[in-house]
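**Q** Quick one: sequence and predicted model below, then my questions.
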Amino acid sequence: MNIEIRLFANLAELLPPGSKNKRANITIEDGITVEELMHNLKIPPNITNIVMVNGTHSDKKAKLSEGDVVSVIPPVTGG
Amino acid sequence: MAGGYMGQGSAKVLFVDLSSGDIKEELFGEELLRKFIGGYGLAAKIMYDRQKPGVDPLGPENMLGFFTGPLTGSPAIIGSRYVVVGKSPLTGTWGDANSGGDFGPALKFAGYDGVFFTGISKKPVYLFIDSGKPELLDAEWLWGKDSNETDDMIAEKHGSKTQVACIGPSGESLSLISCVINDKGRAAGRSGLGAVMGSKRLKAIAVKGDIEVPLADKQQASMLRKQYLGNIIGFGDVLKKYGTAGITAGASESGDAPVKNWGDAGSEAFKTAAAISDDAVIAYQERKYACWHCPIACGGHVKVSSGAFASTGHKPEYETLGTFGTMCLNDNVEAIIKANEICNRSGLDTISAGVAITFAIECYENGLITKKDTDGIELKWGNAEAMIAMTEKLAKREGFGDILADGVKIAAEKIGKGSEQYAIHVAGQELPMHDPKFTPGLTTTYILDATPGRHTQGGEMVAPPAGIDIPKFDRQIYTGRAQSQRTLVNLMHVVNAAGLCMFGYISLDVNSIPEFMSAVTGWNYTLDECQEAGERIATIRHAFNLREGHNPLNLKVPGRMIGRPPLHRGPLKDISIDMETMIKEYLELLDWDPVTMVPSQKSLKNLGLDEVAVDLEK
């Protein structure tokens, strides 16, 4: 199935080559969880990244569906 | 011999009476320093003892201080900070503001840990300190100049190694959202202390010297620095590449960043956050820079070469990208770079200034003010040209800009017509770009810190430092958070008082704090002692406020801050913060009265604040 993945700040480096605007449309296995997707994208698992699905804060265990927009934001703060 | 302080084991503080021109030195010894560390801890203790309650913040009796900490100018990571302190004319409370760059260490290399000013000079002056020799010099030739010009002119006169902290025209015109600028673009932004400096006709402090900061164990301090330099990863990587500009798009996505004057949140509300974030900002960066001896180097110099917003100056920080970006629904990054430069040169806090512009936009969009009021400027959401035109007017106190130049609380009082609903502040201080509906502990910090409405005063953050066991809370559970909040607040006060940058604190193991403190001062600090000092510092700042008649529980908290009513869409949809439970539990834990906010006698004595215990018992 196809989803949109958005990776922010330094995580954007993990997007497929050629991705623009910190996002990419990718094809993934049906029914995988956010956590499995993050593993596949090699996002470091030990960091408490902020995870969102379709603009809403989500648990990493959530199963994904066709057309979902997944956002992963590193735990950074600004001044 | 103890290290970290410039008075041979004591803090050496200059006291300058601007009315008489007298300059004196005083030393503050180990007993006081172990209790209050330095920075705004030591400054708050001195002001609590010497300044009576009720003074006019813009009058001669208000003390204005510039203070470093024992780790400023040391091998500690990151020992670059200093603070400005005084009673705030913006909030009527204790005021402090924190800045980086080179000025803080330079003040120590010039021979002093801190400087206090009292009185009002008959004519504009600046304080010049060269290697332990202070003198008050005429500043009429500088009065009216912006902060860049002031810095350049002083450096031309005294040499290029002179470091300057100054006010621009906004401080001179007593704008209550004016600030102190150093290094031509670092800002001690908050609390309106630029106006205090302007009220004293003090244009600048200029310092130079090569006096070494004594280190009790230089070898250990250097070893610790080497050890911890390799540990700055994660958040430090984002800062190294982008500065705080790196977080803007993510903050807009997650709900951390308020959108449209706190009236909205998330990517549906502001679709083009990528245009004012990370790569889009550093596309204009000509070079990076670091504050004194900082290994991260989150600073940068940017240039917009041509067009309506051509300018050159410092890279905007996240807060500025929020207040002039997500808040105004503006995705023109060149305009934000221009706004940043206007504010820096004029000496304006970009948080307060941007929020003031946003407030004006919402008033305009709702018909409370018209083009006739705004001198023909169409203040609409996303209108970058209008945003810049009004910022320029605010900086000059010109036309409608004069209404905005003292912050949103006063602007709303002047406009009336129900405009106060659009004035998003706590106790008069405009809120920063971190939504407590996303990070609930900020509710407590924004309301209860002695400087209301600030995000750099500790408590829950998006991520805590390593080496400390902070549970991960469900965002919408408001009970059981008090202990974590207390730990993180106390640690941040020590970080601030010691002269450390919070970005080092977040990037490293928290045990680095007592380790560096011990190596530099020679006093054997533990993490517990640091935490206790932090709580003592928080409490004495709070006691200052109690004597001023300030009770945070009486503050009007903007409904938009806490989700009353809740947002109808986005990542923070339906969230209303149970502020009352969070505050109640926090006060219980601290043993502060839940109505008067007076700390118990027992808690004050446990902290060694016996003099405060006596005062507050009266």
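**A** Happy to help now that I have it.
**Q** from here on, contacts and neighbour counts on C-alpha atoms
**A** Will do.
**Q** can you list the residues of chain A near chain B?
**A** Residues of chain A lying close to chain B by C-alpha under 8 Å from any C-alpha of the partner chain are A:8-10, A:21-22, A:48, A:50, A:52, A:55-57, A:71, A:73-79.
**Q** Emit the PyMOL select command for whichever of those are buried.
**A** Entered in PyMOL, the line below selects the buried ones among the residues of chain A next to chain B, by 16 or more other C-alpha atoms under 10 Å in any protein chain shown:
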select buried, chain A and resi 8+9+10+22+50+52+55+56+57+71+73+74+75+76+77+78+79
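**Q** Inside strands: which ones of the residues of chain A next to chain B?
**A** A:Ile50, A:Met52, A:Thr56, A:His57, A:Ser71, A:Ile73 (DSSP state E).
**Q** give me phi/psi at B:Tyr275?
**A** In this structure residue B:275 is Ala, not Tyr. phi -70, psi -10 (degrees, to the nearest 10).
**Q** these two touch, right, B:Gly458 and B:Asn490?
**A** Yes: at 7.3 Å, B:Gly458 counts as touching B:Asn490 under the criterion of C-alpha atoms under 8 Å.
**Q** More neighbours: which of the two?
**A** Per other C-alpha atoms under 10 Å in any protein chain shown, whichever of B:Gly458 and B:Asn490 has more neighbours is B:Gly458, with 26 against 23.
**Q** does the nearest residue to that one once chain neighbours are set aside sit in a helix, a strand or a coil?
**A** Sequence neighbours aside, B:Val489 is the residue nearest to B:Gly458 in space, at 4.1 Å (criterion: C-alpha to C-alpha, 6 or more residues apart in numbering or on different chains). Of the three states, B:Val489 takes helix under DSSP: H, G, I helix; E, B strand; the rest coil.
**Q** Distance of B:Val489 relative to B:Gly119?
**A** 33 Å (C-alpha to C-alpha, to the nearest Å).
**Q** who's more crowded, these two?
**A** The neighbour count for B:Val489 versus B:Gly119, taken as other C-alpha under 10 Å, is higher for B:Val489 (25 against 21).
**Q** quick one, what contacts that one?
**A** B:Gln457, B:Gly458, B:Gly459, B:Gly534, B:Glu535 (C-alpha atoms under 8 Å, 6 or more residues apart in numbering or on different chains).
**Q** What does the pLDDT read for the residue nearest the centre of chain B?
**A** For chain B, B:Ala97 is the residue whose C-alpha lies nearest the centre (C-alpha atoms, centre = their mean; 3.9 Å). We have a pLDDT of 98 for B:Ala97.
**Q** Provide the secondary structure category for it.
**A** B:Ala97 is classified as strand under three-state DSSP.
**Q** For it, give the beta-bridge partners.
**A** Beta bridges link B:Ala97 to B:Val84, judged by DSSP bridges.
**Q** tell me the contacts of the closest residue to chain B within chain A?
**A** For chain A, the residue closest to chain B is A:Thr56, as judged by C-alpha to the nearest C-alpha, at 4.6 Å. Shown in contact with A:Thr56 (C-alpha under 8 Å, 6+ apart): B:Gly570, B:Pro571, B:Leu572.
**Q** Excluding chain neighbours, give the residue nearest to the first one in space.
**A** Leaving aside its chain neighbours, B:Gly570 sits nearest to B:Gly266 (5.2 Å; criterion: C-alpha to C-alpha, 6+ apart).
**Q** Of the contacts of B:Val489, just say which sits nearest to B:Tyr40.
**A** Distance to B:Tyr40 across these (C-alpha to C-alpha) is lowest for B:Gly534, with 10.8 Å.
**Q** Might you enumerate the residues of the stretch 301-450 of chain B proximal to chain A?
**A** B:Glu317, B:Tyr318, B:Glu319.
**Q** if you look at these, which of them are in strands?
**A** Using DSSP E, none of these sit in strands.
**Q** out of the residues you listed, who has the most neighbours?
**A** B:Tyr318 (27 neighbours).
**Q** Could you double-check that that one sits in contact with B:Ala249?
**A** No: B:Tyr318 is beyond contact range of B:Ala249, at 9.8 Å (criterion: C-alpha under 8 Å).
**Q** Do I have it right that B:Val213 meets B:Gly7?
**A** No: with contact defined as C-alpha under 8 Å, B:Val213 does not reach B:Gly7; the gap is 9.8 Å.
**Q** Test for you: state the pLDDT assigned to A:Gly79.
**A** For A:Gly79, the model assigns a pLDDT of 65.
**Q** Please tell me how far the residue nearest to B:Gly458 sits from chain A.
**A** Look at B:Val489 and chain A: by C-alpha to the nearest C-alpha, to the nearest Å, they are 16 Å apart.
**Q** Not counting residues beside it along the chain, what's closest to the closest residue to chain A within chain B?
**A** Nearest to chain A, among the residues of chain B, is B:Pro571, at 4.6 Å (C-alpha to the nearest C-alpha). Distances taken as C-alpha to C-alpha, 6+ apart put A:Thr56 closest to B:Pro571, at 4.6 Å, once the chain neighbours are dropped.
**Q** remind me which residues of the chain are low pLDDT?
**A** By default, I'm working from chain A. Along chain A, the model assigns pLDDT under 70 to residues A:46, A:78-79.
**Q** nope, chain B
**A** In chain B, residues with pLDDT under 70: B:233-234, B:462-463.
**Q** Break it down into its domains, please.
**A** As assigned by automatic domain parsing, chain B contains the domains B:11-208, B:239-430, B:441-617.
**Q** Can I get the longest helix seen in chain B in CSV? Just the C-alpha atoms.
**A** The longest helix of chain B (DSSP state H) is helix B:527-547. Extracted C-alpha coordinates of helix B:527-547, given in CSV (Å, rounded to 0.1, in the frame of the first residue of the first chain):
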residue,chain,number,x,y,z
LEU,B,527,23.5,16.7,41.8
ASP,B,528,21.3,16.9,45.0
GLU,B,529,23.1,20.1,46.1
CYS,B,530,22.6,21.6,42.6
GLN,B,531,18.9,20.8,42.7
GLU,B,532,18.6,22.3,46.2
ALA,B,533,20.4,25.5,45.0
GLY,B,534,18.0,25.6,42.0
GLU,B,535,15.0,25.4,44.3
ARG,B,536,16.5,28.1,46.6
ILE,B,537,17.0,30.4,43.6
ALA,B,538,13.4,29.7,42.4
THR,B,539,12.1,30.5,45.8
ILE,B,540,14.0,33.8,46.4
ARG,B,541,12.8,35.1,43.0
HIS,B,542,9.3,34.1,44.0
ALA,B,543,9.7,35.8,47.4
PHE,B,544,10.7,39.0,45.6
ASN,B,545,7.4,38.8,43.7
LEU,B,546,5.4,38.1,46.8
ARG,B,547,6.7,41.3,48.4
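**Q** Which positions within the following helix or strand past it qualify as buried?
**A** As assigned by DSSP states H and E, the chain's next helix or strand after helix B:527-547 is helix B:559-562. Across helix B:559-562, burial judged by 16+ other C-alpha under 10 Å covers B:Arg560, B:Met561, B:Ile562.
**Q** so which of those comes closest to B:His158?
**A** B:Met561 (47.2 Å).
**Q** thinking again about what came up before, burial count for the residue nearest to B:Gly570?
**A** For B:Gly266, the neighbour count with other C-alpha under 10 Å is 27.
**Q** Name all residues that make contact with it.
**A** So B:Gly266 contacts A:Gly55, B:Ser252, B:Glu253, B:Ser254, B:Gly255, B:Val259, B:Gly570, B:Pro571, B:Leu572 (C-alpha under 8 Å, 6+ apart).
**Q** Backbone dihedrals for the fifth one, please?
**A** Dihedral angles phi and psi of B:Gly255 (degrees, to the nearest 10) take the values phi 100, psi 0.
**Q** same check, this time on the second one
**A** When read as degrees, to the nearest 10, the backbone of B:Ser252 gives phi -70, psi -40.
**Q** how would you label the closest residue to it other than its chain neighbours: helix, strand or coil?
**A** In space, not counting the residues next to it along the chain, B:Ser252 is nearest to B:Gly266; the distance is 5.5 Å by C-alpha to C-alpha, 6+ apart. Secondary structure, three-state DSSP: B:Gly266 is coil.
**Q** So what does B:Gly266 have for phi and psi?
**A** Torsion angles, degrees, to the nearest 10, at B:Gly266: phi 90, psi 180.
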